[in-house]
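Novice: Any chance you could fold what I've pasted below:
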Amino acid sequence: MYTPGSFELTDLHIQHQLIEDYPFGTLTVHGSTGLAATHLPFLLTEPQRGLGTLQAHVARSNTEFGLLADATPVLVIFQGPHAYISPSWYPSKKSLGGKAVPTWNYVSVHVHGMLSTTTSPEWLLTHLEHQTNRFEKGRADPWKISDAPADYINTMLNNIVGLEISITSVEAKQKLSQNRPMLDQQGVIHGLLQHSDSPTSSHFNEDIARLMRSNLER
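Specialist: Got it, this is the predicted structure:
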């Protein structure tokens, strides 16, 4: 990933937090038929040491990913919030004689790792329980695995393959107007919030503004 120094994000804790906040990733691999990609919700396990692991599952019928050999190198891309940035939000535009153009602010995390697969019912059930608890958390009436008949769950388990990715490296990029003067960054934050409900705005406008503000406060 092309990452100028001013946009590079190397803090592992923040990288992990972005994965937690935006867990729907794109798993890519160079398989026997060339490049392939699939889109999955991931769980991140943070270890006592190392970079962590990612867990997910695919349908057993997914031959591109369900039959991959252990120790297959993979890339998982997590796309965080993103938003269009108008040059009209830069206070410096007038003093620069209008020399400013639109851009796009965004956050992205690229996770490289080694993939292993499993069909262990115990592993799969534990994984699904953790995943369900993660995404049902906060609901008034959270759904649980035990809410479904045991024989039905067992049938479902027989139709999926577990994926575990041991992370070997992480690249992350926060393009948050850090290359602009402070007043321009503040102008972008104001513009994002003022236009969060416009038809052409990204629904991530407020998220990008929040990240920009947090970045300025560090």
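
Novice: Need the residue closest to the centroid of the protein.
Specialist: residue 78 (2.7 Å; C-alpha atoms, centre = their mean).

Novice: where's that residue, which helix or strand?
Specialist: strand 72-85 (DSSP states H and E).

Novice: got the buried residues for that strand?
Specialist: Within strand 72-85, the residues that count as buried by 16 or more other C-beta atoms under 10 Å are 72, 74-78, 80-85. Using the backbone N, CA and C atoms, a C-beta is placed for each residue, glycine as well.

Novice: Repeat that for stretch 155-173.
Specialist: 157, 160-165, 167, 170-173.

Novice: All the helices of this protein, residue numbers only.
Specialist: Along the chain, counting by DSSP state H, helices occupy 12-21, 63-66, 121-136, 150-157, 182-194, 205-217.

Novice: Could you report the distance from residue 107 to residue 4?
Specialist: Distance of residue 107 to residue 4, given as C-beta to C-beta, to the nearest Å: 15 Å.

Novice: got the contact list for residue 191?
Specialist: Neighbouring residues of residue 191 by C-beta atoms under 8 Å, 6 or more residues apart in numbering: 85-86, 88-89.

Novice: and those residues, which are buried?
Specialist: Buried members of the contacts of residue 191, counted by 16+ other C-beta under 10 Å: 85-86, 89.

Novice: Output those residues as CSV; include the columns pLDDT.
Specialist: CSV is the format used below for the buried ones among the contacts of residue 191 (pLDDT from 0 to 100):
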residue, pLDDT
85, 95
86, 94
89, 95
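
Novice: can you pull the buried residues of the least confident helix or strand in the chain by mean pLDDT?
Specialist: When the helices and strands of the chain are scored by mean pLDDT, DSSP states H and E, helix 63-66 comes last with a mean of 84. Within helix 63-66, the residues that count as buried by 16+ other C-beta under 10 Å are 65-66.

Novice: CA-only coordinates of that helix in PDB, if you can.
Specialist: Extracted as PDB, the C-alpha positions of helix 63-66 are listed here (Å, rounded to 0.1, in the frame of the first residue of the first chain):
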ATOM      1  CA  THR A  63     -13.800 -24.000  -3.100                       C
ATOM      2  CA  GLU A  64     -11.600 -20.900  -3.600                       C
ATOM      3  CA  PHE A  65     -11.100 -20.600   0.200                       C
ATOM      4  CA  GLY A  66     -12.400 -23.700   1.900                       C
END
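
Novice: This completes my enquiry, with thanks.
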